[in-house]
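> Below are the sequence and a predicted model for it; my questions follow.
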Amino acid sequence: MTATPTPGPTPRSAPESAPGAAPGAAPAPAPLRSELLRTLVTRGYVHQCTDLGALDTAAASGQITGYIGFDATADSLHVGSLVQIMLLRHMQRAGHRPIVLMGGGTTKVGDPSGRDKGRQLLSQQRIESNIAGIRRVFERFLDFEGSGAALMVDNSDWLDALHYIPFLREYGRHFSVNRMLGFESVKLRLDREQPLSFLEFNYMVLQAYDFLELGRRYDCRLQMGGSDQWGNIVCGVELGRRATGLDLYGLTSPLITLASGAKMGKTAAGAVWLNPDRFSPYEYWQHWRNTEDADVGRFLRLFTELPLDETARLEALEGAEINEAKKILATEATALCHGREAAREAAETARRTFEGEAGTEPPGSHGDRPVVAPAGLPTIEVPRARLDGGVPVYDLMREAGLVRSNSEARRLIRGGGARVNDKPVRDETGTVGPGDLSAEGAIKLSAGRKRHALVRLSGRRAAGERARARQSDP
């Protein structure tokens, strides 16, 4: 959802015209002085800024502290949050201090931005568990130790201690309900005649107070977020000015959509999670490998740290050569999220799965028995007793995350897109059993040509049976 300008400070956006623009175009802005803003603008991270020139001056004059807030609605973030994570990473790389603000308090309220209905309210125990999972994501992107260390802060530290009446008297007078009703996050729900609870309506007030509190505690001067957060961010900038005289800045990133117009971060099987227990490094690598041609250059700039001249070279590749650029994108993005070794393993798994080993037969052509799929594929385990009874293919495909539901799996089978051990599944009620296990004790499932998973026996008995199978393999 692209944010529309809202009442308040006039947004001064990123440069809109390059040198040499046609006569009559807006004059080119002064060159940016700070490494941080030059990086963010040239790589495509900036959509709106409350005062780009003043923020650039501050960032060029010394270290600044900036933050982005993340509510703890799940135990991992997904690719839809990756632009925000990269903003914080670039901040730290440019010598500034990033703060990850966990919404331990605001998660109890629920952000209405971009939502058609209210979020499910979570227990305190669930929120704390989710925060622990999200921290594991950030530990791979940010450095929380040493000089210039990033901070992770929980807004429940101050929100839980607020007294309602004193808070309203002190800060409620700085908010206009008329203006709040005009913010996109509120208008969306009201225009669709969908209920917006008073609890959710308070969210932007609490987010604004977060900015004020971070300014007081950590000298934080910058809040960043997606374009749908513009109204909430402007509220925080104004509250800081009115309540304490703080000079605060807001910056938003553009909504990232695919060249097809689809929203980024989802696949046919669900969200692209950033924690490996939710979405394996191989699946993550494959997600980026499947990028549309028109998105390659933009995603190289946003989701890798390759130099801009290299991203330009890769973006210019055409025909079959663009696939090499996609592999580089997949490897570099996976290395940031899961580490260089996991990225190499994922790339090798993909090469063996789709290209085969040099000098060997292609997958599925090894006599009457399919070639064993590489071990790096996503894997689920099933008990031997269950496999003995025959397990429907559609069940396994759903459990492996290749589809979202049994009905989707049945449609895939009817359409000829499902395979077991590289052989098409013709019967939508078909089952697999022990006889489908390879010599290595695995069954390979495929949804289309690019998405695969393995089924293995669970427990010690499975290891013994695989060892016996290898001994009897001619």
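Cool, the structure landed. Just so it is clear, the model here is predicted, and its values are computed rather than measured. Numbering: from 1, shown residues only.
> going forward, measure contacts between C-alpha atoms and count neighbours the same way
Fine.
> Touching, Tyr104 and Glu128? I think so.
Quick fix: residue 104 is Gly, not Tyr. Yes. The pair Gly104 / Glu128 is scored as a contact, 7.4 Å apart, by Cα atoms under 8 Å.
> anything in contact with each of these two?
Taking Cα atoms under 8 Å, 6 or more residues apart in numbering as the criterion, Gly104 and Glu128 both touch Ala72.
> between the two, who's got more neighbours?
Neighbour count, other Cα atoms under 10 Å: between Gly104 and Glu128, Gly104 has more, with 24 against 16.
> Now Gly416, what are its backbone angles?
Dihedral pair for Gly416: phi 80, psi 10, per degrees, to the nearest 10.
> go on, the one 10 residues further on?
The main-chain torsion angles of Arg426 are listed as degrees, to the nearest 10 and equal phi -90, psi -30.
> What's the separation between it and Ala161?
Between Arg426 and Ala161 the distance is 61 Å, computed by Cα to Cα, to the nearest Å.
> wait, what's in contact with the closest residue to Leu329 other than its chain neighbours?
Nearest non-adjacent residue to Leu329, counting by Cα to Cα, 6 or more residues apart in numbering: Leu300, 5.9 Å away. Counting by Cα under 8 Å, 6+ apart, Leu300 makes contact with 306, 311, 329.
> now do Leu212
Taking Cα under 8 Å, 6+ apart as the test, what Leu212 contacts is 236, 239-240.
> Please convert the contacts of Leu300 to JSON lines, extending it with neighbour count and secondary structure.
Shown next, in JSON lines, are the contacts of Leu300 (neighbours: other Cα atoms under 10 Å; DSSP: H, G, I helix; E, B strand; the rest coil):
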{"residue": "Leu306", "neighbour count": "15", "secondary structure": "coil"}
{"residue": "Thr311", "neighbour count": "21", "secondary structure": "helix"}
{"residue": "Leu329", "neighbour count": "26", "secondary structure": "helix"}
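> How many neighbouring residues does Leu454 have?
With other Cα under 10 Å as criterion, Leu454 counts 25.
> my bad, Gly245
10.
> same deal with Glu345?
Close neighbours of Glu345, defined as other Cα under 10 Å, add up to 17.
> which residues sit against stretch 131-147?
Contacts for stretch 131-147 (Cα under 8 Å, 6+ apart): 72, 75-77, 85-86, 88-89, 92, 102, 104, 149-151, 274-275, 336-339.
> What average pLDDT does that stretch get?
The pLDDT scores in stretch 131-147 average 95.
> Show the end-to-end separation of that stretch, please.
One end of stretch 131-147 sits 24 Å from the other (Cα to Cα).
> From Ile68, how far out is Val236?
For residue 236 the amino acid is Gly, not Val. 12 Å.
> cool, Trp285 as well?
Per Cα to Cα, Trp285 is found 26 Å from Ile68.
> Three-state assignment for the residue nearest to Arg340 when sequence neighbours are not counted, please.
Excluding the flanking residues, the one nearest Arg340 by Cα to Cα, 6+ apart is Thr334, at 7.5 Å. Three-state call for Thr334 (DSSP: H, G, I helix; E, B strand; the rest coil): helix.
> how close does Thr334 sit to Pro31?
Using Cα to Cα, Thr334 is found at 33 Å from Pro31.
> Settle it for me: which of those two has more neighbours?
Ranked by neighbour count (other Cα under 10 Å), Thr334 and Pro31 place Thr334 first, with 29 against 10.
> can I assume the more buried one is in contact with Ala343?
Yes. Between Thr334 and Ala343 there is a contact at 5.2 Å, judged by Cα under 8 Å.
> Give the residues shared as contacts by those two.
Common neighbours of Thr334 and Ala343, counting by Cα under 8 Å, 6+ apart, are 281, 285.
> Give me the below-cutoff pLDDT ranges for the stretch 351-474 of the chain.
354-376, 439-440, 459-474 (pLDDT under 70).
> again, only this time at 80
Scanning the stretch 351-474 of the chain for pLDDT under 80 picks out 353-377, 438-440, 449-450, 459-474.
> What segments of it are strands?
379-382, 391-392, 418-420, 423-424, 431-432, 442-447, 451-457 (DSSP state E, counting those that start in this stretch).
> can you list those in JSON lines and add distance to Gln120?
Formatted as JSON lines, the strands of the stretch 351-474 of the chain follow (distance: least, Cα to Cα, whole Å):
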{"stretch": "strand 379-382", "distance to Gln120": "29"}
{"stretch": "strand 391-392", "distance to Gln120": "33"}
{"stretch": "strand 418-420", "distance to Gln120": "35"}
{"stretch": "strand 423-424", "distance to Gln120": "41"}
{"stretch": "strand 431-432", "distance to Gln120": "37"}
{"stretch": "strand 442-447", "distance to Gln120": "32"}
{"stretch": "strand 451-457", "distance to Gln120": "31"}
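> Minimum distance to Gln223: which of those strands has it?
For these, proximity to Gln223 was assessed by Cα to Cα; strand 451-457 is nearest, at 38.4 Å.
> Going by neighbour count, list what's buried in that closest one.
Of all the residues in strand 451-457, those buried under the rule 16 or more other Cα atoms under 10 Å are 452-457.
> how about the residues you listed, which pair is most distant?
His452 and Leu457 (17.1 Å).
> now the contacts of Leu212 in a markdown table, with secondary structure?
Below are the contacts of Leu212 laid out as a markdown table (three-state DSSP):
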| residue | secondary structure |
| --- | --- |
| Gly236 | helix |
| Leu239 | helix |
| Gly240 | helix |
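> For ChimeraX, write the selection for the buried entries among those.
Remark: buried members of the contacts of Leu212, expressed as a ChimeraX selection using 16+ other Cα under 10 Å:
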select :236,239,240
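> And the residue nearest to Arg340, how close does it get to Arg289?
For Thr334, the distance to Arg289 - Cα to Cα - is 10 Å.
> Next up, identify which helix or strand Leu251 is on.
Per DSSP states H and E: Leu251 is located in strand 249-253.
> Let's see that strand as PDB, backbone CA atoms only.
C-alpha atoms of strand 249-253 as PDB (Å, rounded to 0.1, in the frame of the first residue of the first chain):
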ATOM      1  CA  TYR A 249      13.200  12.900  11.700                       C
ATOM      2  CA  GLY A 250      11.100  10.400   9.800                       C
ATOM      3  CA  LEU A 251      12.000   8.300   6.800                       C
ATOM      4  CA  THR A 252      10.000   5.700   5.000                       C
ATOM      5  CA  SER A 253      10.900   3.100   2.400                       C
END
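> List the contacts of it.
Contacts with strand 249-253, where a contact means Cα under 8 Å, 6+ apart, come from 45-51, 55, 83-84, 221-227, 229-230, 233-234, 237.
> count of neighbours near Leu302?
20.
> so what's the residue nearest to it when sequence neighbours are not counted up against?
Nearest residue to Leu302 in three dimensions, chain neighbours excluded: Arg43, at 6.2 Å (Cα to Cα, 6+ apart). Taking Cα under 8 Å, 6+ apart as the contact definition, Arg43 lies against 301-302, 308.
> Quick check: Val137 vs Leu82, distance?
10 Å.
> Which one's more surrounded, those two?
More crowded of Val137 and Leu82, by other Cα under 10 Å: Val137, with 21 against 16.
> No further queries at this time; thank you.
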